[in-house]
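Student: Have a look at this prediction, sequence included:
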Amino acid sequence: MKKILSVCIASMLAIATFPMKLESKASYADDSETFSYSFYLERAMYEYTQDPVYDDSHFDMYLKYVLAVSDKASLSEEELALCRKIFETERANPYINCPYAKETIKRGSPPKRINLDDLIDDKYMLARMSAPYSYTADSDVYYPDIVYSSSGICEYWLDDSGRERIITNTEDTFSPYYEIISDEPIDPYEQDEIMLKYNAGGKLYEMDDGTYRFLADLYGEQYKEYRIREKYISDIWEYEIMHDGSALIVGSTLPSNDEAVPLEEPTILPTELDGHNVYGINMDQALCQTGITKIVVPESYQYVGLSRMKHLKELEINAPDLYLADGAINSCENLESAVVNVRFIGAGAFTGCDALKSVEITGAEGIENGVFSDLPSLSEVSLPDGLRYIGVNAFVNTAITELVIPESAEVLGVTISAFEHWDTITVPLIERPLVIADEECVIKGYYNTEAHRYALAIGHKFSPLDDIEYGDVNSDDDFNVADVVLLQKLLLKSPDTQLDNWIAADFCPDGKLDVFDLVEMRRRLIGQAG
């Protein structure tokens, strides 16, 4: 895995060289609307380029709070170079984002890329591609390599070289385009073959930098019919056949809406329908008003999308390799409890589930930003061992009064974007705290862990889980007046004063040492003597 990651990163570094200052604006033949990586990046950098002074402390914070890297020394030279490349690009222009490279670092392996053959065979997936972080039923997540947030342009590279890519627009002002960059003119027969596959026009451009760019419209009005696949029925399930022959559940034949009858038994989703392996489920708001009250998602599922399931009260997902996409469980207004075992939980995954009271996360490496935010009924959350990071605002505006943070947690407060532009550049890593929960929430964890550091930095009350024998701060195996004197000297900031065992002095306990600990220490020593 490490070798694969290194090869991927080396390719990124070789091709994705992001300039910090541009001496001149490039011209591109006769067509200023040519869609190319260089054109959009250079134009974006030309129009808005800061001249930042790079500070290693800023970079270290970026590593931790954007890329979820808690140990800089653990990075290889290639990984570190990629991290700095991302940092410098986004710092120079806050309108540019590099999601694919960022996710490669966070996951420790490159995410799935779009496969052109799959797009050709499945125009349905192609027709849905517009937004960045494109979540479709055909993918875990497709991360664009470059996002230009000011123009809505996204680039999805087909390989690490970036010489083949899909270019989309979040505002749907143009159809997705396929672009090839070549050092030699593309053979006319190859051009014709591409245009024939897409039933669309294409054009070859000779660029000022000596390269050739062939651009083809991936679909026009004639492909909009592919937005609807033929549906099949097996047992109680409606499903579609995907391009790889697997089945995607999109609905149910159960009575719905006013005729829906709540089901008492759990609904265990099938792993096979009519001989087709089931890829996942995508119950949108037009198909979901059935009487299903509990859904159990099996291990093999690669996609889960549940929206506005009116009667759903319980959810159990046991798919440890699944990336639960952004907004995957959306507006299930009566959902009360969830048990989740997935690899990652995407941003806002439980948006609008206002009745949700308890969540047991039995397996996850990462919880992205805002996953459980603004859920007024949520009061109980269980986090798993092995959890590496929690995103910013993950539990804000909830009824949660305490969070037990596992020792495995390395970063609390991971954010998607480090830099924002209003009238001036704002750096949220430095200029405002990155919180995961409301101020009154008690953080429970172990001393000298990320939970402890976070609680002290943000101002949460900290409740240690350590088994501690209080009093012997000088580690001489005896609790006596010498320990009291040593703590007093420390609080008075006497030179060369240190505690061998400072945790034993945290009598309150709240994760920090102050005069209240000294008072309690004296009281206990007197009580011990009496």
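Tutor: Structure's in. What do you need?

Student: report the longest strand in this protein, please.
Tutor: Counting by DSSP state E, the longest strand found in the chain is strand 276-283.

Student: packing partners for it?
Tutor: Other elements packing on strand 276-283 under the criterion 3 or more Cβ pairs under 8 Å, 6 or more residues apart in numbering; DSSP states H and E are strand 237-241, strand 247-252, strand 303-307. All C-beta atoms are positioned from the backbone trio N, CA, C, and that covers glycine.

Student: That one: which residues count as buried?
Tutor: 276, 278-283 (16 or more other Cβ atoms under 10 Å).

Student: Over to stretch 234-242?
Tutor: Under 16+ other Cβ under 10 Å, the buried positions of stretch 234-242 are 234, 237-242.

Student: go on, stretch 394-401?
Tutor: Under 16+ other Cβ under 10 Å, the buried positions of stretch 394-401 are 394-396, 398, 400.

Student: residue ranges of the helices in the stretch 401-530 of the chain, please?
Tutor: Along the stretch 401-530 of the chain, counting by DSSP state H, counting those that start in this stretch, helices occupy 428-431, 450-458, 481-491, 515-529.

Student: do you know which of those helices lies nearest Ser246?
Tutor: helix 450-458 (39.4 Å; Cβ to Cβ).

Student: And the average pLDDT for that closest one is what?
Tutor: Mean pLDDT, helix 450-458: 91.

Student: That helix packs against which elements?
Tutor: Using 3+ Cβ pairs under 8 Å, 6+ apart: helix 450-458 touches strand 411-414, strand 442-445, strand 462-464.

Student: CA-only coordinates of that helix, as PDB, when you get a sec.
Tutor: What follows is helix 450-458, C-alpha atoms only, in PDB (Å, rounded to 0.1, in the frame of the first residue of the first chain):
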ATOM      1  CA  GLU A 450      -5.300  14.400  21.700                       C
ATOM      2  CA  ALA A 451      -8.500  14.500  23.800                       C
ATOM      3  CA  HIS A 452      -6.700  16.100  26.700                       C
ATOM      4  CA  ARG A 453      -4.900  18.600  24.400                       C
ATOM      5  CA  TYR A 454      -8.100  19.500  22.600                       C
ATOM      6  CA  ALA A 455     -10.100  20.100  25.800                       C
ATOM      7  CA  LEU A 456      -7.400  22.400  27.200                       C
ATOM      8  CA  ALA A 457      -7.000  24.300  24.000                       C
ATOM      9  CA  ILE A 458     -10.700  24.900  23.400                       C
END
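
Student: just to revisit the earlier point, need the helices and strands packed on strand 276-283 in JSON lines (columns: mean pLDDT and distance to Cys154).
Tutor: Below are those laid out as JSON lines (pLDDT from 0 to 100; distance: least, Cβ to Cβ, whole Å):
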{"stretch": "strand 237-241", "mean pLDDT": "91", "distance to Cys154": "26"}
{"stretch": "strand 247-252", "mean pLDDT": "91", "distance to Cys154": "24"}
{"stretch": "strand 303-307", "mean pLDDT": "91", "distance to Cys154": "21"}
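
Student: Need those strands in JSON lines (columns: distance to His58).
Tutor: Output for those, formatted as JSON lines (distance: least, Cβ to Cβ, whole Å):
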{"stretch": "strand 237-241", "distance to His58": "48"}
{"stretch": "strand 247-252", "distance to His58": "44"}
{"stretch": "strand 303-307", "distance to His58": "37"}
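
Student: how about those, which one is nearest Val147?
Tutor: strand 303-307 (22.3 Å).

Student: Just say which of the helices of the stretch 401-530 of the chain is most tucked in.
Tutor: Neighbour counts (mean count of other Cβ atoms under 10 Å) averaged over each of the helices of the stretch 401-530 of the chain peak at helix 450-458, with a mean of 20.

Student: What lies in contact with that helix?
Tutor: By Cβ atoms under 8 Å, 6 or more residues apart in numbering, the surrounding residues in contact with helix 450-458 are 70, 405, 407, 409-413, 433, 435-436, 439, 443-446, 460-462, 464, 511-512.

Student: Of those, which qualify as buried by neighbour count?
Tutor: Buried, going by 16+ other Cβ under 10 Å: 405, 409-413, 435-436, 443-445, 460, 462, 464, 511, out of the contacts of helix 450-458.

Student: ok, Arg432 - how many residues close by?
Tutor: By other Cβ atoms under 10 Å, 9 other residues sit near Arg432.

Student: Would you mind measuring from it to Ala418?
Tutor: According to Cβ to Cβ, to the nearest Å, Arg432 and Ala418 sit 12 Å apart.

Student: before we move on, what about Arg43?
Tutor: From Arg43 to Ala418 the distance is 22 Å (Cβ to Cβ).

Student: between the two, which one's more packed in?
Tutor: Ala418 (23 against 18).

Student: My guess is that one contacts Leu67. True?
Tutor: No - counting by Cβ atoms under 8 Å, Ala418 does not reach Leu67; the two are 9.5 Å apart.

Student: Identify the contacts common to those two.
Tutor: By Cβ under 8 Å, 6+ apart, no residue touches both Ala418 and Leu67.

Student: ok, and the closest non-adjacent residue to Val427?
Tutor: Setting aside the residues directly before and after it, Val427 is nearest to Phe419 in space (Cβ to Cβ, 6 or more residues apart in numbering), at 6.2 Å.

Student: Okay, the one you found and Val66: tell me how far apart.
Tutor: Counting by Cβ to Cβ, the gap from Phe419 to Val66 is 9 Å.

Student: same deal with Ala328?
Tutor: 23 Å.

Student: any low-confidence regions in the stretch 101-250 of the chain?
Tutor: Across the stretch 101-250 of the chain, the ranges flagged by pLDDT under 70 are 119-140, 170-175, 197-201, 219-228.

Student: Start from the N-terminal end of it and give the strands.
Tutor: 146-148, 153-157, 164-169, 177-182, 202-206, 212-217, 231-234, 237-241, 247-252 (DSSP state E, counting those that start in this stretch).
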